[in-house]
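1. Output the structure for:
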Amino acid sequence: MARASKSESGPGGRLPLSPVIHGRARLLILSFLLRSGRPANFTALRDEIAVTDGNLSVHLGKLEEAGLVAVSKSFVGKRPQTRIRITPAGKRRFKAYVQDLRAIVPGLEPEA
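-> Okay, here's the model as predicted:
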């Protein structure tokens, strides 16, 4: 799992908003995977978040490098299939990201 250096840390030792997560595409990827609760196939994920194949590949590479998602490749018949799932570390870091966001943006507290 990637760690923030001391010089990047904000209050509580974490970055105020994780640069690995904080970006439209990566935020949408993790949100979709967390919401669905199961692995997604590459094309469904691409279509859901409306990005190009290349753009999705780059963002998945960054998320995988940080240990937030796992990417597996296989064949169904003769067709390649790429499946993406959020890792336990990805779930923890995404929840921490949401907590950090709530701490700096008023009005994002969950409704009672």
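
2. part of a helix, is A70?
-> No. Using DSSP: H, G, I helix; E, B strand; the rest coil, the assignment for A70 is strand, not a helix.

3. Please look at it and R85 and confirm they touch.
-> Yes. Look at A70 against R85 with C-beta atoms under 8 Å: they come within range, at 5.3 Å. Every residue, glycine included, has its C-beta placed from N, CA and C.

4. dump the residue contacts of the residue nearest the centre of the chain.
-> Centroid check for the chain by C-alpha atoms, centre = their mean gives L30 as the closest residue, at 3.2 Å. Contacts for L30 (C-beta atoms under 8 Å, 6 or more residues apart in numbering) come out as I21, L63, L68, V69, I86, G90, F94.

5. Mind checking which of these are in helices?
-> L63, G90, F94 (DSSP state H).

6. so what's P39 scoring on pLDDT?
-> What the model reports for P39 is a pLDDT of 96.

7. Near T43, how many other residues are there?
-> 12 (other C-beta atoms under 10 Å).

8. Equivalent analysis for the one 3 residues further on, please.
-> Here the number of neighbours of R46 (other C-beta under 10 Å) works out to 19.

9. start at 560 instead
-> Sure, I'll start numbering at 560, so the last one becomes R605.

10. quick one: it from A584, how far?
-> Look at R605 and A584: by C-beta to C-beta, to the nearest Å, they are 10 Å apart.

11. Touching both of the two, which residues are there?
-> Here R605 and A584 have L615 as joint contacts, going by C-beta under 8 Å, 6+ apart.

12. from the chain's centre, how far out does the helix or strand of the chain with the lowest mean pLDDT sit?
-> Of all helical and strand segments in the chain, the minimum by mean pLDDT, DSSP states H and E falls on helix 647-663, at a mean of 92. Averaging C-alpha positions (C-alpha atoms, centre = their mean, to the nearest Å) puts helix 647-663 10 Å from its chain's average.

13. I'd like to know which elements it is packed against.
-> On a contact count with 3 or more C-beta pairs under 8 Å, 6 or more residues apart in numbering; DSSP states H and E, helix 647-663 meets helix 583-595.
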